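Visitor: Attaching a predicted model along with its sequence, questions to come.
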Amino acid sequence: MFNSKRLGVLTLATSLLLVVSACSGAGTESTTTPGADAIRSDFGSPAEPADAARTVEILANDDFTFVPAEVAVAPGETVTFRVVNQGSLVHDFTLGDQATQDEHEAEMAEMEDMAHDEPNVMSVPAGETMELTWTFPESGTVLIGCHQPGHYDAGMNGEITIDG
């Protein structure tokens, strides 16, 4: 037989178990892509490299250019960008709409050595190569930019056109 003290402890334990289960998401399925919870927007979303239809190599140079500065992708296409920093300066590669570019430019102006944890942004050290894989929306334009201080304003930007 239960006394009231045991019943109270059992009720408390059951309640805690229910709260822990609810908070942990037990019973739910998650199939997110890396960073997908951090960014899913009109300009696309991060993707797995294995899902890429192709790889596009982008050269980042100390003359403040991306080569090529214009890339065409198909609607819904997943592309891996291999960014090769051919210079002696650090360069960024930021995918996004104009608002995203403006926001990142302002952040970089405030914190020059800022670490990037957004799935649409990477800093590429001098002489290094890094990759970013992205799935594009059905149509539109996505901008690329380098937001190391002064680089974007000097012309280190480009455009990805999504057109089928």
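Guide: Done, it's in.

Visitor: tell me the contacts of residue 92?
Guide: Shown in contact with residue 92 (CB atoms under 8 Å, 6 or more residues apart in numbering): 104, 108, 116, 121-124, 145-148, 151. C-beta: built from backbone N, CA, C; applies to glycine.

Visitor: hmm, try it at 6 Å
Guide: 123, 146-148 (CB atoms under 6 Å, 6 or more residues apart in numbering).

Visitor: Paired strands for the host helix or strand of it, with orientation please.
Guide: Per DSSP states H and E: residue 92 is located in strand 91-96. Using DSSP bridges, the strands paired with strand 91-96 are strand 121-124 (antiparallel), strand 140-145 (antiparallel).

Visitor: can I get those strands in TSV with mean pLDDT and distance to residue 69?
Guide: Listed next are these as TSV, based on pLDDT from 0 to 100; distance: least, CB to CB, whole Å:
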stretch	mean pLDDT	distance to residue 69
strand 121-124	95	16
strand 140-145	96	8
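
Visitor: and of the ones you listed, who's closest to residue 99?
Guide: Among the strands paired with strand 91-96, the nearest to residue 99 by CB to CB is strand 140-145 (10.0 Å).
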